[in-house]
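# Okay, predicted coordinates and the sequence, questions at the end:
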Amino acid sequence: DMLGLQPVVFALSLASTGNSLFRINATTGEIFTVGSFNYEEVKSYSLDVLVTDTVLPPPLASTTAATLTVTITDVNDMVPTFPVTAAVWSVPENTLASQLFSAAADGDQPGTPASTVTYSVVNSDPRFGVISAFTPLVSLGGTLD
């Protein structure tokens, strides 16, 4: 501007949630993230952006505010774990299917796509397999007798 004044100044209000995770460029109004987010802890943040026209000196300078909501999306960031990593099970003879291991769990929010755990049998006797990739139920390729 001709007077060398910055006509508009942007700021984040101290009332914004997660204020330490965001920064705003006072000249351009661009908002940047400066921290990491955890969907399981906080699903959204509310940012109050203040815009001040500084061409006129205070108290004539005018300020307006806008509220922005930043929604965090879930990612599959939790590794599934078994409650027991090694165990011995007994299977009665003539059994065609049996649950031979405990269900795995992860720390993602239940019911979200990231919380889906799938199962497979690897490096084992070819007579064993999973009935469904979504359950810990093992099928036996014939009876074990």
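On my side now, so go ahead. Residues are numbered from 1 along each chain as shown.
# make it CA atoms for all contacts and neighbour counts henceforth
Noted.
# So residue 105 versus residue 74, what's the distance?
Counting by CA to CA, to the nearest Å, the gap from residue 105 to residue 74 is 17 Å.
# Let's see the pLDDT reported for the residue nearest in space to the middle of the chain.
In the chain, the C-alpha nearest the mean C-alpha coordinate belongs to residue 74, at 3.0 Å (CA atoms, centre = their mean). If you check residue 74, the pLDDT there is 85.
# Next: residue 100.
Looking at residue 100, its pLDDT reads 61.
# CA atoms of stretch 80-93 as CSV?
The C-alpha trace of stretch 80-93 is given here as CSV (Å, rounded to 0.1, in the frame of the first residue of the first chain):
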residue,chain,number,x,y,z
PRO,A,80,-2.9,-55.6,15.5
THR,A,81,-1.7,-57.7,18.5
PHE,A,82,-2.7,-61.1,19.8
PRO,A,83,-3.2,-61.4,23.5
VAL,A,84,-1.0,-64.5,23.4
THR,A,85,1.8,-64.8,20.8
ALA,A,86,2.5,-68.5,21.3
ALA,A,87,0.3,-71.2,22.7
VAL,A,88,-0.6,-74.9,22.4
TRP,A,89,-4.2,-76.0,21.7
SER,A,90,-5.8,-79.4,21.7
VAL,A,91,-8.1,-80.3,18.9
PRO,A,92,-10.4,-83.2,19.3
GLU,A,93,-10.1,-85.8,16.5
